[in-house]
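1. Here is my input, please return the structure:
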Amino acid sequence: MPRVKPNLSPVTFPVHSLEDVDAALAQIAARKRQIDLINLGTAEHIDEIKTRAAAETEPIRLEIAALELAIGRFAEASKAELFNKKKSVQLQFGIVGFRASSKLKTLRKWTFERVLATLRDTGMRDYIRVKEEVDKEKLKGLAPETLAGIGCAVVQEDVFYYELPEQPEPETQPSTL
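-> Next up, the predicted model:
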């Protein structure tokens, strides 16, 4: 299991010895197993509900898709007469029409990976998206003066943690503190 950094606000369980700590860790492990079982049951229940909903709505989705296809085919077939002067027609339950749209496609035998490589090779980096974020790990290596100049400081602190084994098998039932 991963290390956990607990909130060390006012203590509600008395822990005065390593035996108490070990008992508390056993109790935490038992409670976490209970949570995992509850979450597993919940996830299974949610999956069942989603599966039922998908099965119930599938015929409706298929009907909607068929209606959309029929409307689209009618609009294409009647484009010259219905959309001669206008791009859309207002109806009682909605609007149908055509809208100009442009889509970027690759040329034959090209992929966007190849386009990306070509943009890099030709120095057209303005056309490549790059997500920028602060590299905190790299910043930790800078001198304190440099960090202060950019509004940062490295602060070291001892942070308490505990770690539970993957499959704890306590020999006895954990005592309640």
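2. ends of stretch 155-166, how far apart?
-> 32 Å (Cα to Cα, to the nearest Å).
3. buried sites along that stretch?
-> Buried residues in stretch 155-166, counted by 16 or more other Cβ atoms under 10 Å: residue 164. (Glycine included, C-beta is placed from N, CA and C.)
4. Return the distance of it from the chain's centre.
-> 26 Å (Cα atoms, centre = their mean, to the nearest Å).
5. same check, this time on stretch 86-106
-> Worked out by Cα atoms, centre = their mean, stretch 86-106 lies 32 Å from the chain centre.
6. Can you classify the closest residue in space to residue 71 that isn't next to it in sequence as helix, strand or coil?
-> Distances taken as Cβ to Cβ, 6 or more residues apart in numbering put residue 96 closest to residue 71, at 6.3 Å, once the chain neighbours are dropped. Three-state call for residue 96 (DSSP: H, G, I helix; E, B strand; the rest coil): strand.
7. so what's residue 96 up against?
-> Shown in contact with residue 96 (Cβ atoms under 8 Å, 6 or more residues apart in numbering): 71, 75, 88-89.
8. Pairing partners for it in the sheet, please.
-> In this entry, residue 96 is beta-bridged to residue 89, by DSSP bridges.
9. how near is it to residue 89?
-> 6 Å (Cβ to Cβ, to the nearest Å).
10. do the same with residue 110
-> 38 Å.
11. what do you get for residue 31?
-> Taking Cβ to Cβ, one finds residue 31 at 63 Å from residue 89.
12. ditto for residue 65
-> From residue 65 to residue 89 the distance is 22 Å (Cβ to Cβ).
13. Neighbour count: the two, which is higher?
-> Higher neighbour count among residue 65 and residue 89: residue 89, with 13 against 10, using other Cβ atoms under 10 Å.
14. Quick one: residues contacting that one.
-> Counting by Cβ under 8 Å, 6+ apart, residue 89 has contacts 82-83, 95-97.
15. Can you tell me the element residue 113 falls in?
-> helix 112-121 (DSSP states H and E).
16. Same question for residue 84.
-> Here residue 84 is assigned to no helix or strand, by DSSP H and E.
17. Please report phi then psi for it.
-> Here is the backbone geometry of residue 84 (degrees, to the nearest 10): phi -70, psi -50.
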